[in-house]
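[1] turn this into a model:
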Amino acid sequence: MSGLKSKWVIIRQIVDGQPSFQVSNNVLGMRTVHYDFDTLEDAKKTLAEVREIERDQRFNNDQANNYFGGKNE
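    Residues are numbered from 1 along each chain as shown. Reported below is the predicted structural model:
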C-alpha cells in the first residue's frame, strides 16, 4: 500500500426527502465505488471496517464489492 492517506469518506444526501449516507472511495465525481446506508451509524461502522482492511493491505475495489455489495461508478 502506498503512503497516501485514504480518501474514503461518508457522503450525506437527501433522497425523496429522507437522509441517506454513502461510504465512498472519494468525493462525488471522483469516486469509483460506493456503498449505500440508511443510517449514519451503519456508514461509520463500514468506513471503519474499510479503513481497517486498507491498513491490513488486503483491500481493493473487487474485494470490497464482494464483501459489501458496492456499486461501481
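[2] what helix or strand is the residue most central in space within the chain located in?
    When the chain is reduced to its mean C-alpha position, the nearest residue by Cα atoms, centre = their mean turns out to be Val23, at 2.8 Å. In this assignment (DSSP states H and E), Val23 forms part of strand 18-24.
[3] could you do Lys7 as well?
    With elements taken from DSSP H and E, nothing contains Lys7; it lies in neither a helix nor a strand.
[4] the residue nearest to the centre of the chain and Lys45 touch, don't they?
    No. Under the criterion of Cβ atoms under 8 Å, Val23 lies out of contact with Lys45, with a separation of 9.3 Å. C-beta: built from backbone N, CA, C; applies to glycine.
[5] so what sits against both of those two?
    Common neighbours of Val23 and Lys45, using Cβ atoms under 8 Å, 6 or more residues apart in numbering, do not exist here.
[6] and the longest helix for the protein?
    Ranked by number of residues, the top helix in the chain under DSSP state H is helix 40-55.
[7] with just CA atoms, put it into PDB.
    Provided in PDB are the C-alpha atoms of helix 40-55 (Å, rounded to 0.1, in the frame of the first residue of the first chain):
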ATOM      1  CA  LEU A  40     -25.100   7.400   9.700                       C
ATOM      2  CA  GLU A  41     -24.100   4.800  12.300                       C
ATOM      3  CA  ASP A  42     -24.100   2.000   9.700                       C
ATOM      4  CA  ALA A  43     -22.000   4.200   7.400                       C
ATOM      5  CA  LYS A  44     -19.500   5.000  10.200                       C
ATOM      6  CA  LYS A  45     -19.200   1.300  11.000                       C
ATOM      7  CA  THR A  46     -18.500   0.400   7.400                       C
ATOM      8  CA  LEU A  47     -16.000   3.200   7.000                       C
ATOM      9  CA  ALA A  48     -14.100   1.900  10.000                       C
ATOM     10  CA  GLU A  49     -14.100  -1.600   8.500                       C
ATOM     11  CA  VAL A  50     -12.900  -0.400   5.100                       C
ATOM     12  CA  ARG A  51     -10.100   1.600   6.700                       C
ATOM     13  CA  GLU A  52      -9.100  -1.400   8.800                       C
ATOM     14  CA  ILE A  53      -9.000  -3.600   5.700                       C
ATOM     15  CA  GLU A  54      -6.800  -1.000   3.900                       C
ATOM     16  CA  ARG A  55      -4.500  -1.000   6.900                       C
END
